[in-house]
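Participant: Predicted model, plus sequence, below.
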Amino acid sequence: MCVALAVANVTATGPYGFAVALAPLVGVGYVYSKGALRTEPGPPSTWGEVTPNLGWLLLGSVFAAALLNAGPIATTLLADDSDKALLTQFAYAVLLARIPLFMFQAVQPALLPRLSRLAAKGELEEFRAGLRRLLFVVLGVGVVGTLGALVLGPFVIDLVYGADDITGRTLAMLALGSACYMVALALAQAVIALKGHALVALGWIIGVVAFLLATWLAGEDVFRRVEIGLVVSSFAATATFALALRYKLASGAVPDDGSVLEAITDRPLES
């Protein structure tokens, strides 16, 4: 739809916004036409079965979304009048640096169920091996994304957005923060599958607190403060989830159908 609008020389933003909003309905309609959305009725569930961990999941999602969107918000709050011209370019840099994160979130729901099934069967050694492979993939994507942002990022952002004031260092720092965030997401969902809902909420809270402290202590340059804050906060959340996962595995935690479903569907919202 966007290509058709561009060919038709449409320059208003509204039609492109509707194209982005309506595109997913095509996929939903196709799946519905194939009958893949129909399910068989199951046993009734009480509120007591549905809501025990809802508060922890909601708290964790709120803080995860806050951390995900902290960069542009912080730069807007901290920038003075002389920095205003760079705010839009910085927002473009954040979007470009998060391309690997967007790709990871697209494939993540296909990867996690297998790990959850292994844990549900008590095959924890296979679970650990599968999780290690997933983390290696995430780390590989993160390294490639960070190096690509450092070397090719300035050329790409200038070509696509005309943002010629953004340096490779800024893009590399933003990409590194996104890479750490990807690892944190993978570990957080594994912890939820092992019924560590409260630990996941705590990890995202620690990440937000780390962002505030790092941004406060990282000097005077607004963009460097935010870049450092994003890297430190994502690393803090990752470390918390790694410790939580180690604790849950050592304590013999076993997932059930509910925790597996919650792990698969737990995704922080983006603005």
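Facilitator: Arrived safely.

Participant: what does the one helix or strand residue 75 maps to contact?
Facilitator: Counting by DSSP states H and E, the element that carries residue 75 is helix 70-78. With contact meaning C-beta atoms under 8 Å, 6 or more residues apart in numbering, helix 70-78 is reached by 83, 87, 90-91, 94, 174, 177, 208, 211, 215, 222-223, 225-227, 229-230, 233. In short, each C-beta sits where N, CA and C put it, glycine included.

Participant: Just the buried ones out of those, please.
Facilitator: By neighbour count, with 16 or more other C-beta atoms under 10 Å, these hold 90-91, 94, 174, 177, 208, 211, 215, 222-223, 225-227, 229-230, 233 as buried.

Participant: now, which of these sits nearest residue 141?
Facilitator: Comparing the buried ones among the contacts of helix 70-78 against residue 141 with C-beta to C-beta picks out residue 177 as the nearest, at 13.8 Å.

Participant: And the pLDDT for the closest one?
Facilitator: Predicted confidence (pLDDT) for residue 177: 90.

Participant: Report the mean per-residue pLDDT for stretch 138-151.
Facilitator: Mean pLDDT, stretch 138-151: 85.

Participant: From the rest of the structure, what touches it?
Facilitator: Applying C-beta under 8 Å, 6+ apart, the contact partners of stretch 138-151 are 96-97, 99-100, 103-104, 168-169, 171-172, 174-176, 178-180, 182-183, 186.

Participant: Make a PyMOL selection of the buried ones in these.
Facilitator: In PyMOL, a selection of the buried entries from those looks like this (16+ other C-beta under 10 Å):
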select buried, resi 96+97+100+104+171+172+174+175+176+178+179+180+182+183+186
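
Participant: Mind jotting down where the helices sit in this structure?
Facilitator: With DSSP state H, the ranges of helices along the chain come out as 2-7, 13-33, 47-50, 54-68, 70-78, 84-97, 99-120, 124-151, 153-161, 168-193, 197-217, 222-250, 257-265.

Participant: Go through those helices and name the closest to residue 40.
Facilitator: Among the helices of the chain, the nearest to residue 40 by C-beta to C-beta is helix 257-265 (15.3 Å).

Participant: Now residue 203: closest residue in space, sequence neighbours ignored.
Facilitator: The shortest distance from residue 203 to any residue other than its chain neighbours is 3.7 Å, reached at residue 240 (C-beta to C-beta, 6 or more residues apart in numbering).

Participant: Surely the one you found is in contact with residue 208?
Facilitator: No. Using C-beta atoms under 8 Å, residue 240 is not in contact with residue 208, being 11.6 Å away.

Participant: mind checking how far residue 78 is from residue 222?
Facilitator: Distance, residue 78 to residue 222, by C-beta to C-beta, to the nearest Å: 5 Å.

Participant: how many neighbours does residue 189 have?
Facilitator: For residue 189, the tally of surrounding residues (other C-beta atoms under 10 Å) stands at 25.

Participant: From residue 60, how far out is it?
Facilitator: Remark: distance between residue 189 and residue 60 (C-beta to C-beta) = 11 Å.

Participant: my guess is residue 226 meets residue 215, correct?
Facilitator: Yes. Applying C-beta under 8 Å as the test, residue 226 and residue 215 come out as touching, 6.2 Å apart.

Participant: Now do the buried residues in stretch 63-74.
Facilitator: The neighbour-count criterion (16+ other C-beta under 10 Å) identifies 63-68, 70-72, 74 as the buried residues of stretch 63-74.

Participant: hang on, the earlier thing: residues contacting the residue nearest to residue 203?
Facilitator: 199, 202-203, 206-207.

Participant: Tell me the most packed of the residues you listed, by neighbour count.
Facilitator: Among these, residue 207 has the most neighbours (other C-beta under 10 Å), with 30 neighbours.

Participant: Just to check, it is in contact with residue 231?
Facilitator: No. Using C-beta under 8 Å, residue 207 is not in contact with residue 231, being 11.2 Å away.

Participant: ok, for residue 177, nearest residue in space, not its chain neighbours?
Facilitator: residue 230 (3.5 Å).

Participant: Now do the contacts for that neighbour.
Facilitator: Residue 230 neighbours (C-beta under 8 Å, 6+ apart): 70-71, 173-174, 177, 211.
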